[in-house]
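In: how would this look folded up:
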Amino acid sequence: MTNPINLEHTVEEINSILTALAAKPYAEVADLIHKIKNKAEAQIVVAAKAVEEEFTPPADQPPQA
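Out: Residues are numbered from 1 along each chain as shown. Below is the predicted model of the structure:
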């Protein structure tokens with residue numbers, strides 16, 4: 001078993017990595033592409049919820065005009 005390495009990349013960088021992987025034979029890169037997409041999607045969901053909470057007024061306060 002190998003130890004994972006955590007790397008941080010922008011969305012643009014991840015898209016570039018996925019584009020480069022897509023040029024390889026599918027059987028060689030399919031698992032890696034799916035792993036990258038699953039991890040990225042999970043982070044995007046968390047980030048979207050944080051933004052939504054930041055801009056959603058509490059239920060007991062009316063929205064400001």
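In: how many neighbours does residue 8 have?
Out: 5 (other C-beta atoms under 10 Å). Bear in mind the C-beta positions are built from the backbone N, C-alpha and C, glycine included.
In: nope, residue 7 is what I meant
Out: Residue 7 has 8 neighbours, counted by other C-beta under 10 Å.
In: centre-most residue in this protein?
Out: Nearest to the geometric centre of the chain sits residue 40, at 2.3 Å (C-alpha atoms, centre = their mean).
In: where does this structure dip in pLDDT?
Out: 1, 61-65 (pLDDT under 70).
In: list the contacts of stretch 31-41.
Out: Stretch 31-41 has contacts (C-beta atoms under 8 Å, 6 or more residues apart in numbering) with 11, 14, 17, 18, 21, 22.
In: where do the strands sit along the chain?
Out: For the chain, strands defined by DSSP state E do not occur.
In: could you point out the longest helix in it?
Out: helix 26-55 (DSSP state H).
In: ok now that one, how far from the chain's centre?
Out: In terms of C-alpha atoms, centre = their mean, to the nearest Å, the centre of helix 26-55 is set 3 Å apart from its chain centre.
In: try stretch 47-59
Out: That offset, for stretch 47-59, works out to 18 Å (C-alpha atoms, centre = their mean).
In: looking at the contacts of stretch 31-41, which is nearest residue 5?
Out: Set against residue 5, the nearest of these by C-beta to C-beta is residue 17 (14.3 Å).
In: return the residues in contact with that closest one.
Out: Counted by C-beta under 8 Å, 6+ apart, residue 17 has contacts 9, 36.
In: how near is it to residue 7?
Out: Using C-beta to C-beta, to the nearest Å, one obtains 10 Å as the distance from residue 17 to residue 7.
In: with residue 58 instead?
Out: For residue 58, the distance to residue 7 - C-beta to C-beta - is 37 Å.
In: repeat that for residue 48.
Out: 22 Å.
In: try residue 46
Out: Counting by C-beta to C-beta, the gap from residue 46 to residue 7 is 18 Å.
In: go on, residue 59?
Out: For residue 59, the distance to residue 7 - C-beta to C-beta - is 39 Å.
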